[in-house]
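Chemist: For reference, the sequence and a predicted model appear below.
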Amino acid sequence: MPETLASGFEVLDHPADMGFRAWAPTLTDLFAVCARALTSVLVDPESIRAHQAESVEVFGDDVETLLYNWLAEIIYLFDGEKKLFCEFSILSHRISDGTEFLQAELKGENYHREKHEIKTYVKAITFHQLKIEHTQEGYTAQVFLDI
Amino acid sequence: MMRTNTKWDGILRQVDDYRYVIPRAYKSQMRVDALIYSSPELIGQVCHDLSLEQAANVATLPGVLDHALAMPDMHQGYGFPIGGVAAMDLETGVVSPGGVGFDINCGVRLLVSPLSIKEVRPRLEELVQQLFKSVPAGTGSDGRINLNTKQLDRVLECGAQWAVEEGFAKPGDLDHTEEFGKMKGADASAVSDRAKKRGHSQLGTLGSGNHFLEVQQVQQIFEKEIADEFGIFDGQVCIMIHCGSRGLGHQVCTDYVASIKPLMSNFGVSVPDRELVCAPIRSPEGQRYLGAMAASANFAWANRQCISHWAQQVFHQLFGKQATLALLYDVAHNMAKFEQHRVGSEEKMVLVHRKGATRAFPAGREELARIFQKTGQPVIIPGDMGRASYILVGTERALAETFGSVCHGAGRLMSRTQARKGRQAQDVIAELRSRGVIAKATTREGLTEEVPEAYKSIDEVIEAVHASGLARRVARLKPVGVIKG
């Protein structure tokens, strides 16, 4: 999804680590933008090609925990399975019995040291000041990362 | 842009030159006061981030004993401030993964060599280059050890003892390691497959960010008798290694923050900051986390031991078989430990969280090997890569006031973005060289984000620690070679 005035992200400063703020017209778009923001902290997204697809399903007891688990999944896929992604398609977002579910398809490739220069190693996602807000223009999110 | 930094406008009472208190009256949920160790030079910096508020928040945790504590290197963290310490009652208290940190058993060790800087300097450039080649650093670097599940489980259960069995350590090294390098209660089954997948190829790797391997020289000795006991002499060349449990520990913390959070209403616990997610120590979830934490801690000790082994090989290669490195001590600075302490008038077992804080036990503690019974525990405190690090020794006063805890480093002053601004890696390398430090890093950010100016003055932090009586300075070391991810 190309970045438009309606969606995008910026990196935020933090005394010891870093974070980002993202915005998008819909909640599912927001999740995709957050994934791109996280990826851009890790690596230059332009260096990733959409050679293979991965299905992901995450859940959480509220929408902010859902975002935490979604981004934690992307960190795990990089650090545990050596995969990087450049396209994030949110297939569905639903709530069932008070639990939020997200299904997505990610497109990317295996990590190659020579091809993908890691800018910043992200240890983990944090709940520090993590928030999703519904605004007049759409949705915003703020996330801080432990690096 | 959302602001993360807020100037403190709460209550902060000065007790003496190095102690300040946030009284429990500041916030209704506070169960105890927050006791802040700082100094007139440092307190101004502390007031400009959220660390004081975070210290007050720690004081709201169920079962917190005595005071929530913060050390002189304190700065804003996640949940706990970095430099935060909290001891919990075992029956009524909670364990908080955030009170340990994402990098479980991030810690530091000092290896001492028989060589002086005069003997090493002619080959210092080569030494740094060889260490850089031998020790995997940075993200994506292939580790030199790839473990299958069974082998990894053994590392998680046995820690540095595994390293002895595999030839990466000498049996005597265990006496020079906190917990003797193998934490009791480690439960490999409590570590998720995901965490193991992240960790299986990362054993024996330095990582990145503020992790490092440094060649240092002893520059000043403050207590000669203790220095002699520790085998420290003026001009001596040492190796300091700072790293932790890598992706395995990070995933363990991520997993347990996610799994404990939805249970908190069942526990009847609410916290002012979601990063203070916690479970009662005696709950199944709390116990499971502690088992996974101990396993991660063991991984970190094995990690530092493997790196030490390769550093030793380089020394032997360059300086001959007589250049044998000896481990002085290995300390953890992100951990929760079961320890016996005096609380009020009784001695009791408590759980001490140290988040960016170091254990500093005095002479006579049973946790220390016989060799340290007379002196007390060596405390290794790294500074930034341009200035200095310290060896200290634990005191009775720390035991009485801070559950035997002190700071862990210098503490950041500048964000990574601010530190990087206008700085090029080549300039940082040149600047360090002008200070007599040869630096090598796998990434530009490994240097620019870690410039000395990004950190508080380690001398001021150690002055506060020493002057407040929490630990005594034994020696000051300066870096001469730095390897970073």
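Modeler: Received it, and whenever you're ready, just let me know what you need.
Chemist: does residue 74 sit in a helix or strand, and which one?
Modeler: Just so you know, I chose chain A. Secondary structure here is read from DSSP states H and E; on that basis A:Ile74 sits in helix A:63-79.
Chemist: Can you look at chain B instead?
Modeler: strand B:67-75.
Chemist: touching chain A at all, the helix or strand following that strand?
Modeler: The helix or strand immediately downstream of strand B:67-75 is strand B:82-89, counting by DSSP H and E. Yes. Shown here: strand B:82-89 in contact with chain A (Cβ under 8 Å from any Cβ of the partner chain) through B:Ile82. From N, CA and C alone the C-beta is placed, and that goes for glycine too.
Chemist: Same question for stretch B:29-43.
Modeler: No. Legend: contact between stretch B:29-43 and chain A by Cβ under 8 Å from any Cβ is lacking; minimum distance shown is 14.4 Å.
Chemist: now swap in stretch B:236-245 and tell me
Modeler: No. Contact between stretch B:236-245 and chain A, assessed by Cβ under 8 Å from any Cβ, is absent, since the two come no nearer than 9.3 Å.
Chemist: any idea of the mean pLDDT for that stretch?
Modeler: The predicted model gives stretch B:236-245 an average pLDDT of 98.
Chemist: And for stretch B:105-120?
Modeler: Confidence for stretch B:105-120, expressed as mean pLDDT, is 98.
Chemist: chain center to that stretch, what's the gap?
Modeler: Here the centre of mass of C-alpha atoms in stretch B:105-120, compared against the chain's by Cα atoms, centre = their mean, to the nearest Å, lies 17 Å away.
Chemist: right, is that stretch up against chain A?
Modeler: No. On the criterion Cβ under 8 Å from any Cβ, stretch B:105-120 is out of touch with chain A, staying 10.0 Å away.
Chemist: Buried ones in that stretch, by neighbour count?
Modeler: With burial defined by 16 or more other Cβ atoms under 10 Å in any protein chain shown, the residues of stretch B:105-120 counted as buried are B:105-115, B:117, B:120.
Chemist: same question, stretch B:146-155
Modeler: Buried residues in stretch B:146-155, counting neighbours by 16+ other Cβ under 10 Å, are found at B:147, B:152-155.
Chemist: and chain A, which of those reach it?
Modeler: Applying Cβ under 8 Å from any Cβ, the subset of the buried residues of stretch B:146-155 adjacent to chain A is empty.
Chemist: Around chain A, pick out the residues from the stretch 101-250 of chain B.
Modeler: For the stretch 101-250 of chain B, the residues found near chain A under the criterion Cβ under 8 Å from any Cβ are B:102-103, B:138-142, B:194, B:197-198, B:207-209, B:247, B:250.
Chemist: Widest-spaced pair of those residues?
Modeler: The most widely separated members of these, counting by Cβ to Cβ, are B:Phe102 and B:Asp142 (22.9 Å).
Chemist: So which of these two has more stuff around it?
Modeler: Here B:Phe102 and B:Asp142 are set side by side on neighbour count (other Cβ atoms under 10 Å in any protein chain shown), and the busier one is B:Phe102, at 26 against 11.
Chemist: which ones are touching the most centrally placed residue in chain B?
Modeler: Here the mean C-alpha position of chain B is nearest to the C-alpha of B:His333 (Cα atoms, centre = their mean), at a distance of 2.7 Å. B:His333 makes contact with B:106-108, B:354, B:356-358, B:408-409, according to Cβ atoms under 8 Å, 6 or more residues apart in numbering or on different chains.
Chemist: give me phi/psi at A:Lys123?
Modeler: Taking degrees, to the nearest 10, you get phi -70, psi -40 for the backbone angles of A:Lys123.
Chemist: Which pLDDT does the model give it?
Modeler: Predicted confidence (pLDDT) at A:Lys123: the value is 94.
Chemist: Likewise for B:Gly140?
Modeler: The predicted local distance difference test score for B:Gly140 is 63.
Chemist: picking that back up, check the residues of the stretch 101-250 of chain B next to chain A for burial and list the buried ones.
Modeler: Buried positions within those, assessed by neighbour count (16+ other Cβ under 10 Å), are B:102-103, B:138-141, B:194, B:197-198, B:207-209, B:247, B:250.
Chemist: where does the chain dip in pLDDT?
Modeler: In the absence of a named chain, this looks at chain A. Under the criterion of pLDDT under 70, the regions of chain A flagged as low confidence span A:1-5, A:15-16.
Chemist: not what I meant, chain B
Modeler: Under the criterion pLDDT under 70, the flagged ranges of chain B are B:1-6, B:140-142.
Chemist: Including distance to B:Ala56 and secondary structure, could the buried residues of stretch B:146-155 go into TSV?
Modeler: Listed next are those as TSV, based on distance: Cβ to Cβ, whole Å; DSSP: H, G, I helix; E, B strand; the rest coil:
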residue	distance to B:Ala56	secondary structure
B:Leu147	42	coil
B:Leu152	40	helix
B:Asp153	40	helix
B:Arg154	42	helix
B:Val155	38	helix
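Chemist: List just the nearest of those to A:Leu12.
Modeler: Each of the buried residues of stretch B:146-155 was scored against A:Leu12 by Cβ to Cβ, and B:Leu152 proved nearest at 35.5 Å.
Chemist: Which of the residues of the stretch 101-250 of chain B next to chain A fall within strands?
Modeler: When these are checked against strands using DSSP state E, none is located there.
Chemist: This completes my enquiry, with thanks.
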